[in-house]
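no sequence on this one, just coordinates:
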């Protein structure tokens, strides 16, 4: 079998498959025209090409490489090479070149967190977020289990109202006189779009990150004041740890879900002081949310502030509805405090969602406003994007970069942040997963089974070999061609990589669909009693009691 299989691009695949080399343009138009050929005929042609690859002995290597992507929708394609040398002797330990791969390219998972962009990668991101939040509540993953006894609360900070909208009151009908169902497209849209403050709504989203930063500053001040300390001396007695995620309401406004915890002076491993209680933390969160405010700065074309005091209408603050709940380790029923499992699952659910999931907007940036005509958007979302786009052209709002973040309805902050001492990191979780997969591969090799066609092992390690950052996907040591495992501290890596595109070529995309549809074999196991697991324990599932009292704010 040749060392490399040349898979042609979508523009030339048809001509090569039919053996037409003299007139590639004619073959292309006759074979790949999506306007004339049906989907069934296209699948038949792709299946025939895969049959030819199987006859030539290429099918199994290609299936192994595509299966290692774990269902990634748009993997990154790279070409290049990597050589690993012994740092002391200069001896070449092994050499890797994409020309020797079945597809001729290195396929790397995109790692996108958005569900609308890549469901497979977003699921992995959601599970990692669940573990990260849960570790900060009950310990594990480098976090001591004693954190479960520290004071902690789950808080929700909402946005103010910018006009009456269709909502779901708990007992009475909506202001419009009807009771809206959960899937009603009118939910969150203005009752009177002509009087809705779209400018204020977009600018509030743009200033939400600064408002959150101001909230954390006031929170430390409130805790120090309640403890009878100064803010400077607070760090010698206690440490504030938190993790937050930003969520879009149906009306397109950002609000924050956050887990806040008080630790001892050195972090989660130390015992918090006796005065640190859940009641104190509850009071501090509410007081800080009411005091936090940001004033819009008017800037000139040169980027400097004009020195004028902005009017009261340009002061941004959180809404009146602030929900703070204590987090317990017991199961919650009814109005009892929430548990760490519910909080971790609730926050993980929003880790992969953006404005496109809740409000039906876009999941990528706009280059031109005319692109909106190609998308099916609600009138409310379209007006929010239009407002952000036009405000971005005004000199006083240039520093907000609203055109760059128009698809996010003006929000330009990080959707998820945490303090350094809250819990473990995504880097550590990914490194643990990579190490586990490497051990699984070693176990299969020792058992003589070889790798499965649907192996989940990623090729990202070959792309980033030699980097010491575990977030790069580097495995815990590598094997040379002779089978000897070497570490990263004694080797020198010379590599060169070039980006060639995103997404699978037609044959590989069809192969990925076949692999996803094929039933996966189950290993023979002894029958064991099935244990029922609560739906709330699974990461990413909604926990409605967490936000039951938090309704969309409506102004008259």
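Everything's here; your move. Please read all numbers here as calculations on a predicted model, not as lab measurements.

At which residues are the helices of the chain located?
13-17, 24-31, 39-55, 59-67, 119-138, 198-226, 231-234, 278-291, 340-349, 355-358, 379-391, 426-447, 460-464, 506-517 (DSSP state H).

and those, which is most packed in?
Stretch with highest mean neighbour count among the helices of the chain: helix 340-349 (a mean of 24; mean count of other C-beta atoms under 10 Å). C-beta: built from backbone N, CA, C; applies to glycine.

in the stretch 51-200 of the chain, which spans are strands?
76-86, 92-97, 106-108, 152-157 (DSSP state E, counting those that start in this stretch).

neighbouring strands for the shortest one, and are they parallel or not?
Same thing as strand 106-108. strand 76-86 (antiparallel) (DSSP bridges).

Pull out the buried positions in the partner strand.
Applying a neighbour-count criterion of 16 or more other C-beta atoms under 10 Å, the buried positions in strand 76-86 are 76, 77, 78, 79, 80, 81, 82, 83, 84, 85.

wait, which of the residues you listed is closest to residue 223?
Taking C-beta to C-beta as the measure, residue 223 lies nearest residue 76 of the buried residues of strand 76-86, at 44.5 Å.

what's the pLDDT at the closest one?
With respect to pLDDT, residue 76 scores 88.

Same question for residue 522.
58.

do the same with residue 213
Predicted confidence (pLDDT) for residue 213: 93.

I'd like the distance between it and residue 244.
As for residue 213, its distance to residue 244 is 11 Å (criterion: C-beta to C-beta, to the nearest Å).

just to revisit the earlier point, dump the strands of the stretch 51-200 of the chain to a markdown table, plus distance to residue 420.
As requested, these are exported to a markdown table (distance: least, C-beta to C-beta, whole Å):
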| stretch | distance to residue 420 |
| --- | --- |
| strand 76-86 | 30 |
| strand 92-97 | 36 |
| strand 106-108 | 29 |
| strand 152-157 | 17 |
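
Relative to residue 250, which of these is closest?
Between residue 250 and those, the tightest spacing by C-beta to C-beta is seen for strand 152-157, at 15.1 Å.

Tell me the spacing between the most centrally placed residue in the chain and residue 71.
Closest residue to the average C-alpha location of the chain: residue 113 at 2.8 Å, with C-alpha atoms, centre = their mean. Distance of residue 113 to residue 71, given as C-beta to C-beta: 15 Å.

Tell me the pLDDT of the residue nearest to residue 268 when sequence neighbours are not counted.
Leaving aside its sequence neighbours, residue 268 sits nearest to residue 147 (C-beta to C-beta, 6 or more residues apart in numbering; 4.7 Å). Predicted confidence (pLDDT) for residue 147: 89.

quick one: residue 147 and residue 259 touch, right?
No. Between residue 147 and residue 259 there is no contact under C-beta atoms under 8 Å: 11.0 Å.

Just the endpoints, please. Distance across stretch 67-87?
This stretch, stretch 67-87, spans 34 Å end to end (C-alpha to C-alpha, to the nearest Å).

no, scratch that, I was asking about stretch 98-105
This stretch, stretch 98-105, spans 5 Å end to end (C-alpha to C-alpha).

quick one, what contacts the residue nearest to residue 69 when sequence neighbours are not counted?
With C-beta to C-beta, 6+ apart as the criterion, residue 69 has its nearest non-adjacent residue at 5.2 Å, and that residue is residue 75. Neighbouring residues of residue 75 by C-beta atoms under 8 Å, 6 or more residues apart in numbering: 69, 107, 108, 109, 110, 502, 503, 504.

Could you dump the residues you listed into JSON lines with distance to residue 44 and pLDDT added?
Listed next are these as JSON lines, based on distance: C-beta to C-beta, whole Å; pLDDT from 0 to 100:
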{"residue": "69", "distance to residue 44": "24", "pLDDT": "83"}
{"residue": "107", "distance to residue 44": "25", "pLDDT": "86"}
{"residue": "108", "distance to residue 44": "30", "pLDDT": "86"}
{"residue": "109", "distance to residue 44": "29", "pLDDT": "87"}
{"residue": "110", "distance to residue 44": "29", "pLDDT": "85"}
{"residue": "502", "distance to residue 44": "26", "pLDDT": "85"}
{"residue": "503", "distance to residue 44": "22", "pLDDT": "83"}
{"residue": "504", "distance to residue 44": "19", "pLDDT": "82"}
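
Give the buried subset of these as a PyMOL selection command.
Burial among the contacts of residue 75 is assessed by 16+ other C-beta under 10 Å; the matching PyMOL selection reads:
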select buried, resi 69+107+108+109+110+504
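
Which of the contacts of residue 75 sits closest to residue 132?
residue 109 (19.1 Å).

and the closest one, how far is that from residue 125?
11 Å.

got it, and residue 271?
Computed as C-beta to C-beta, the residue 271 to residue 125 distance reads 33 Å.

next one: residue 421
On the measure of C-beta to C-beta, residue 421 and residue 125 end up 22 Å apart.

And for residue 86?
Between residue 86 and residue 125 the computed distance is 37 Å (C-beta to C-beta).

repeat for residue 272
Using C-beta to C-beta, one gets 31 Å for the distance from residue 272 to residue 125.

what's the closest of the buried residues of strand 76-86 to residue 439?
residue 84 (20.6 Å).

so where is the stretch 201-350 of the chain shaky, pLDDT-wise?
Within the stretch 201-350 of the chain, the stretches with pLDDT under 70 are 297-313, 329-337.

again, only this time at 50
300-312, 331-334 (pLDDT under 50).

cool, the stretch 1-150 of the chain as well?
Applying pLDDT under 50 to the stretch 1-150 of the chain flags the ranges 1-4, 6, 8-35.

Swap in 90 and give it another go.
1-132, 134-149 (pLDDT under 90).

Pop out the phi and psi values for residue 425.
Per-residue torsions, residue 425: phi -120, psi 160 (degrees, to the nearest 10).

how about the spatially closest residue to it that is not a sequence neighbour, what does it touch?
Excluding the flanking residues, the one nearest residue 425 by C-beta to C-beta, 6+ apart is residue 132, at 7.4 Å. Residues in contact with residue 132 (C-beta under 8 Å, 6+ apart) are 141, 243, 418, 423, 424, 425, 426, 429.

of all those residues, which comes closest to residue 94?
Using C-beta to C-beta, the contacts of residue 132 come closest to residue 94 at residue 429, 28.0 Å.

Excluding covalently adjacent residues, which one is nearest to the closest one?
Nearest to residue 429 is residue 128, by C-beta to C-beta, 6+ apart, at 4.9 Å.

for residue 404, same thing?
Per C-beta to C-beta, 6+ apart, closest to residue 404 is residue 365, 6.5 Å.

and the gap between residue 79 and residue 47?
Between residue 79 and residue 47 the distance is 27 Å, computed by C-beta to C-beta.

Does residue 79 have any beta-bridge partners, and if so which?
Counting by DSSP bridges, residue 79 is bridged to residue 498.
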